[in-house]
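> structure here, sequence nowhere to be found:
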């Protein structure tokens, strides 16, 4: 029996929607370095032009802007004022702006960004922090997704839904509007800073978008692997992700208890210099544990005493089967079963074809491999081979519900789909 005979693909797809936009800061092009002290910057030219408008003309222009963009965003006037406040230091000394002038000036330093115009992929799935409202036998969840827009900038977006007793997934309706959080705190930590982001509680989960907020993330927050972590009765959702600056990558960590307030921190150590780290859902022998791939080819088991420092590691898995000869990596955090730790993996084979497999690790000593799938659970079907990056199926995390493993996965770095598999069938199909 092959995995394909007991894997159930669901006719449910999450595709990128270019109509979903947020307003982002617009910054005029860099000024010449030889700009004389008395010469005005482009920003001040814009301000001067706004201030030259008669009060009635300024009010009319602001009304025109609102008519064009209201209904596409929440609290536009407040957003305009906040942006003007951010730009204040860049403006020449000036008379005090009227409220209409402040709002109109703020509008000129913003632009719309279609954050998932290109792709919506690499999902991970975790239990919802508020399980209420789920039908009997069902379980609520939150899905994280990597959204890609103009300039190939990756951000983090969310959906909610439920899984029924048969492992069938339902996604809640998506709100068309979207918003970025406020940065409420920046705290210096070794080799970086910790940033706290807060969303208003009235926002639907699908409205919340985490866009890059630090230089290390400036070109993308990629492939978040969320996990519900439990320690001495306290439950916290963590996610490891790849921060991409445009020239360098590193692994970072998100922490949240409610998906409204998020804390983002840099990970340190030799193992954090690469991508694809995945945290175990609890401590093992009193220490934090991760699966990582610091050499671009093999998987390692690493431990830490403080959650942020990750060095060394024990070689765990090497490419073994033809569908993973190029490299292997993890596909999300290990899932605890009675039989051991179930770890989903990805393998890269000939013509850079990506597939998803599975490994079972010893529960007490995860460095011991109990079983391993010789064939992929999921490989690109003929209908799943076309997209931004052809021949790729990939996931950043699955979730157990009863006897089922629910597996959201990305198709060709373009859109996301869903499958489920009975855990007993999966374990029986794995060899030594």
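Yep, that arrived. Here the structure is a predicted model, which is why all the values come from computation and not from measurement.
> and the pLDDT at the residue sitting furthest away from the middle of the chain?
Centroid-distance maximum for the chain: residue 54 at 45.6 Å, with Cα atoms, centre = their mean. Residue 54 carries a pLDDT score of 97 in this model.
> contacting residues around it?
The contact partners of residue 54, taken as Cβ atoms under 8 Å, 6 or more residues apart in numbering, number zero. Just so you know, the C-beta spots here come from the backbone N, C-alpha and C atoms, and that holds for glycine as well.
> before we move on, what about residue 394?
Here residue 394 is in contact with 121-122, 331, 346, 354, 356, 409-410, 413 (Cβ under 8 Å, 6+ apart).
> what sits opposite it in the beta ladder?
residue 410 (DSSP bridges).
> so for it, what's the pLDDT?
pLDDT at residue 394 comes out at 97.
> repeat for residue 328
97.
> please apply the same query to the one 5 residues further on.
pLDDT, the model's per-residue confidence, is 98 for residue 333.
> do residue 35 as well
Listed pLDDT for residue 35 reads 44.
> partners of residue 239 in the sheet?
residue 226, residue 254.
> that one: what's it in contact with?
Per Cβ under 8 Å, 6+ apart, neighbours of residue 239: 124, 144, 224-227, 253-254.
> do that again at 6 Å, thanks
Counting by Cβ atoms under 6 Å, 6 or more residues apart in numbering, residue 239 touches 224-226, 254.
> do residue 364 as well
Here residue 364 is in contact with no residues (criterion: Cβ under 6 Å, 6+ apart).
> if I look at it, how far off is residue 135?
Distance, residue 364 to residue 135, by Cβ to Cβ, to the nearest Å: 36 Å.
> before we move on, what about residue 82?
For residue 82 relative to residue 135 (Cβ to Cβ), the value is 41 Å.
> then residue 334?
Using Cβ to Cβ, we find residue 334 at a distance of 29 Å from residue 135.
> more neighbours: which of the two?
Legend: neighbour count by other Cβ atoms under 10 Å for residue 334 and residue 135, higher for residue 334 (26 against 11).
> is that one in contact with residue 344, as I believe?
No: checked against Cβ atoms under 6 Å, the pair residue 334 and residue 344 is beyond contact range at 8.6 Å.
> ok, and for stretch 366-380, which residues are buried?
The neighbour-count check on stretch 366-380 (16 or more other Cβ atoms under 10 Å) flags 366, 370-373, 375-380 as buried.
> quick check, nearest of those to residue 46?
Nearest to residue 46, judged by Cβ to Cβ, of these is residue 380 at 48.7 Å.
> got the phi/psi numbers for that closest one?
Here is the backbone geometry of residue 380 (degrees, to the nearest 10): phi -60, psi 120.
> distance of it relative to residue 399?
Taking Cβ to Cβ, one finds residue 380 at 22 Å from residue 399.
> how does the protein divide into domains?
When the chain is parsed with automatic domain parsing, its domains come out as 3-20+115-428, 21-27+41-113.
> so which of these has the densest surroundings on average?
Across the domains of the chain, averaging neighbours per residue (mean count of other Cβ atoms under 10 Å) puts domain 3-20+115-428 on top, at a mean of 19.
> what's the first helix or strand after the longest helix along the chain?
In terms of residue count, the longest helix belonging to the chain (DSSP state H) is helix 55-69. Next along the chain after helix 55-69, taking DSSP states H and E as the criterion, comes helix 76-87.
> tilt between that next one and helix 55-69?
Inter-element angle recorded for helix 76-87 and helix 55-69: 110 degrees (by axes from the mean of the first three to the mean of the last three Cα atoms, to 10 degrees).
> got a list of contacts for helix 76-87?
70, 102-103, 105-107, 109-110.
> cool, and stretch 95-102?
With Cβ under 6 Å, 6+ apart as the test, stretch 95-102 has contacts from 58-59, 62, 81, 84.
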